[in-house]
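Q: Got a sequence here, can you build the structure:
(chains A and B)
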Amino acid sequence: MQNILSWITANEQMFYIVILMIFVGIEVIGRVPSVLHTPLMSGANAIHGVVVIGAIIVMGKAEANNYLSLILGFLAVVLGTLNVVGGFVVTDRMLEMFKSKKKK
Amino acid sequence: MQLSILTLLYLIASVTFIIGLRMLSHPATARKGNLIAAAGMALAIFGTIFLYRDENGNKLHNYLFIFAGLILGSLIGTLAAKKVKMTAMPEMVSLFNGMGGACAALIAMIEFNHLSTLLSQVPDITYPVAFVTNDGRSAIAGRLLIILAGLIIGSVSFAGSVVAWGKLNGKVKDFSFKGQHIFNIVLLLIILSLAALLIFDFTKSSNNIFYLIFGLSIIYGVFFVLPIGGADMPVVISLLNSFTGVAAACGGFLYNNKVMLTGGILVGAAGTLLTILMCKAMNRSLLNVLVGSFGGGSNAASSTQTAGNYKEITLNDAAVVMSYASKVVIVPGYGLAVAQAQHVCHELEKLLEEKGVNVTYAIHPVAGRMPGHMNVLLAEADVNYEKLLEMEQANEDFKNTDVVLILGANDVVNPAAKTDPASPIYGMPILEVEQSKLVIVNKRSMKPGYAGIENMLFFQPKTSMLFGDAKGVLQKLVAEIKTL
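A: Next up is the predicted model:
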């Protein structure tokens, strides 16, 4: 128990961010119209692609002879980038159609 | 200096994520919001590549691999996102989500390996390993906890997303067996207890347990999504989306990286709320969706009654009544999406408009495969935005409507939702098409829709059926109207 408490203390900042972000996340999309559910989901999907940063760090730290890390890390970078780039492009494609509509 | 620039970049990126999400939830600003978040992401990624230093001040290396991965991922991602048909958008989102989950799981794996090699070099370590070392840095058990959380959530999200993708694609069929929910709960409990065992009793043979947890998590992800009906996939994808957010946040915890933490938790929270909102649009609870009493089970079909006779209408008659009506409302549904009939549909609308008929579209919030899906599809076919009516508005209009043309929609116009408390869709808001003077229903057959229930609308005297694939029928209808 003591262990866990001091772990929380050691990571105090991180826990604050977690809690505040939960509320921000809920607040920020509070009144989204149902028309936008799909694009919003897709946009959020692209944002969690930040995980690719972790993959880059893993990859960049891997020793040149640690093949397991290199292979898995490379795979992680590819997949993470897929998530980010694909996510933003798909979202943009969806929203582009909403836009061109309004101009006419 | 360089590190503080990186910190600043991360800060900017975090803010763009929040602003981006906010703008994404308003129609007028949505597209800009997406681009802002993308710009923030680019800053964070390139900042990491060039400015990151580890605790000892070392730069990253393996640039060749990193850039190769980035370029490969960008190429495939862009190509896939550009090539995908509008109707297949939802499964694409699901697949990308799965990739993110897999990425998080891979990171967890590498970090675990790293940790266990590190531990094997320490000769006499005391077990259970401590959460915190004396110097106050988060130590082995804390790291293990985060690694395991990232692994489990990431793998479940990956496996689940791939199954959801297959289901929307029609490659994977609904599958459930008796006691599946109990099986799932037991499986989850086993995974969690193995994780606890690993944290509190870490030994050198723990590697095997780690990979066992990975395997079980994948299996859990598959069985979590398999029994859920195809119509509920949007909700599931949204839920898995928020899972991946949390998995990404675990990575942020691991590297003490605030932008990953912010982005991950932000999506985790927003995704969860979005999931609940989607359920609300369908008037169902999340629990109901997950337990899958709706699409998955065979119980729903039992309410089939012999409902009487329906009548068919010929193409020619349909063309005539629509051409001479003063107001026509089109109700698009899943059938339209499957048949890719949005362009012909727009052609029909233009043709009727030329003849002086007032044509609008009534969009049910959950029509198609995902909320908002119909809007996207019709927008692709250049249908004027103002012609799309939301449900409330459409329901007021039906009284003054001469002809309602239903294209492959079923459950969203089923009057049982209002009249029959025993019906599984009772209470779901519907489009009240039966208030108009004439209803023409285009379907491929009399087979019930996703909910597996009979639709009494089809047997009402004012309803006529027009069987066939939506695209084919519309093409013939257009040709017919041209000859009039």
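Q: Nearest the geometric middle of chain A, what residue?
A: A:H48 (1.3 Å; CA atoms, centre = their mean).
Q: Quick check: that one touching B:C250?
A: No - if you go by CB atoms under 8 Å, A:H48 and B:C250 don't touch, sitting 11.4 Å apart. Where C-beta positions appear, they are placed from N, C-alpha and C, glycine not excepted.
Q: what do those two both touch?
A: By CB atoms under 8 Å, 6 or more residues apart in numbering or on different chains, A:H48 and B:C250 have these common neighbours: B:G264.
Q: where does chain B dip in pLDDT?
A: B:122-139, B:204-205, B:230-231, B:292-308, B:369-371, B:424, B:448-452 (pLDDT under 70).
Q: rerun that using 50 as the cut-off
A: B:134-138, B:293-305 (pLDDT under 50).
Q: Contact partners for the residue nearest to the centre of chain A?
A: Neighbours of A:H48 in contact, by CB under 8 Å, 6+ apart: A:83, B:97, B:100, B:241, B:244-245, B:247-248, B:263-264, B:267-268.
Q: how about a cut-off of 7 Å?
A: Contacts of A:H48 were listed using CB atoms under 7 Å, 6 or more residues apart in numbering or on different chains, and they are B:100, B:244-245, B:248, B:263-264, B:267.
Q: okay, these in JSON lines with secondary structure and distance to A:G73 next?
A: Output for these, formatted as JSON lines (DSSP: H, G, I helix; E, B strand; the rest coil; distance: CB to CB, whole Å):
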{"residue": "B:G100", "secondary structure": "helix", "distance to A:G73": "16"}
{"residue": "B:T244", "secondary structure": "helix", "distance to A:G73": "19"}
{"residue": "B:G245", "secondary structure": "helix", "distance to A:G73": "22"}
{"residue": "B:A248", "secondary structure": "helix", "distance to A:G73": "16"}
{"residue": "B:G263", "secondary structure": "helix", "distance to A:G73": "20"}
{"residue": "B:G264", "secondary structure": "helix", "distance to A:G73": "19"}
{"residue": "B:V267", "secondary structure": "helix", "distance to A:G73": "23"}
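Q: Put together TSV for those residues, with neighbour count and distance to chain A on each row.
A: As requested, the contacts of A:H48 are exported to TSV (neighbours: other CB atoms under 10 Å in any protein chain shown; distance: CB to the nearest CB, whole Å):
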residue	neighbour count	distance to chain A
B:G100	37	4
B:T244	36	5
B:G245	33	4
B:A248	37	4
B:G263	35	4
B:G264	33	6
B:V267	33	4
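Q: ok, B:P461 to chain A distance?
A: 33 Å (CB to the nearest CB, to the nearest Å).
Q: which element is the closest residue to B:V172 other than its chain neighbours on?
A: Leaving aside its sequence neighbours, B:V172 sits nearest to B:G166 (CB to CB, 6 or more residues apart in numbering or on different chains; 3.5 Å). Secondary-structure assignment from DSSP states H and E places B:G166 in helix B:140-169.
Q: other SSEs contacting that helix?
A: Secondary-structure packing of helix B:140-169 (3 or more CB pairs under 7 Å, 6 or more residues apart in numbering or on different chains; DSSP states H and E): helix B:89-121, helix B:180-200, helix B:206-225, helix B:233-254.
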